[in-house]
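# Pasted the sequence and its predicted model underneath.
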Amino acid sequence: MKHLIYFSSSAATSGKALSGGDLMGAGRMDIAIHSFIQGVFLSHGFRKDVTFHFIFYGMPDPPKHIQITVGEGLDISKKDIGNLIKKILYKFKQGENTEVFPGCFVEKKSLLNVIQELLDKDIEVFILDQDGKSIREVEIPKECAFLLGDHEGFPKKELKRLKDNLTTVSVGPHMYFASQTVAVVNNELDYRGI
Ligand SMILES: C[S@@+](CC[C@H](N)C(=O)[O-])C[C@H]1O[C@@H](n2cnc3c(N)ncnc32)[C@H](O)[C@@H]1O
């Protein structure tokens, strides 16, 4: 299983905050949605070997960790991801990791705790950063995870802690949209048969 982890310090953390349909006003939920589409959708299908994680630190109830793996019983359309996220957030229950739809979970969990949980399962976590090592030169195991930020990147304190412990990889010499980095990572893994 491959993991893509999208972090946003401003994305909304309640279903109500998303109910007006203003995705840009809800902490740039549009960027989260574009990244998810690049992470999970194919032209005529889905990447069923990818788990996509959203970690949202926006108001009113941070942090929220949403996890989506497309499989049997989950019917999603790329035109309706905002609504899917809204419904998942609405069903959040304090103290639980709630499965709202098949393969879709929501819980309260911080970025560092999500990363630690993946590391505890022997999944290697890479940070996506323009200044990292070229992805073409990095050994990547089958059980891997890639962490990316939204338009604001990562909070300095968290980033320093993560960089002390994880390998930082770059997908090219420019600062790309979050969704573009996801597409490049998936392409690299496709070529490697991961
Ligand atoms: C639009 S960029 C963030 C820009 C933000 N101002 C910053 O300085 O971090 C969104 C995310 O895409 C990823 N990213 C952008 N360009 C990249 C590159 N060349 N290599 C790897 N990751 C990249 C990073 O994870 C970044 O947090």
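Noted; the coordinates are in hand.

# Enumerate every residue touching A11.
The contact partners of A11, taken as C-beta atoms under 8 Å, 6 or more residues apart in numbering, are A26, G27, R28, M29, A32, F54, F56, Y57, G58, D150. Backbone N, C-alpha and C define where each C-beta goes, glycine included.

# Between those, which sits nearest the ligand?
Of all these, D150 has the smallest distance to the ligand: 6.2 Å, by C-beta to the nearest ligand atom.

# quick one: contacts for the residue nearest to that closest one when sequence neighbours are not counted?
Spatial nearest neighbour of D150, excluding adjacent residues (C-beta to C-beta, 6 or more residues apart in numbering): S8 at 4.0 Å. Shown in contact with S8 (C-beta under 8 Å, 6+ apart): G27, R28, I31, A32, F54, I55, F56, Y57, G58, G149, D150, E152.

# Around the closest residue to the ligand within the chain, count how many other residues there are.
Closest approach of the chain to the ligand (C-beta to the nearest ligand atom) occurs at G153, with a separation of 2.4 Å. Number of residues near G153 (other C-beta atoms under 10 Å) recorded here: 16.

# Not including adjacent chain positions, what is the nearest residue to it?
Closest to G153 by C-beta to C-beta, 6+ apart is L159, at 7.4 Å.

# which parts of the longest strand along the chain are buried?
Taking DSSP state E as the criterion, the chain has its longest strand at strand 124-134. In terms of neighbour count (16 or more other C-beta atoms under 10 Å), strand 124-134 has its buried residues at E124, V125, F126, I127, L128, D129, G132.
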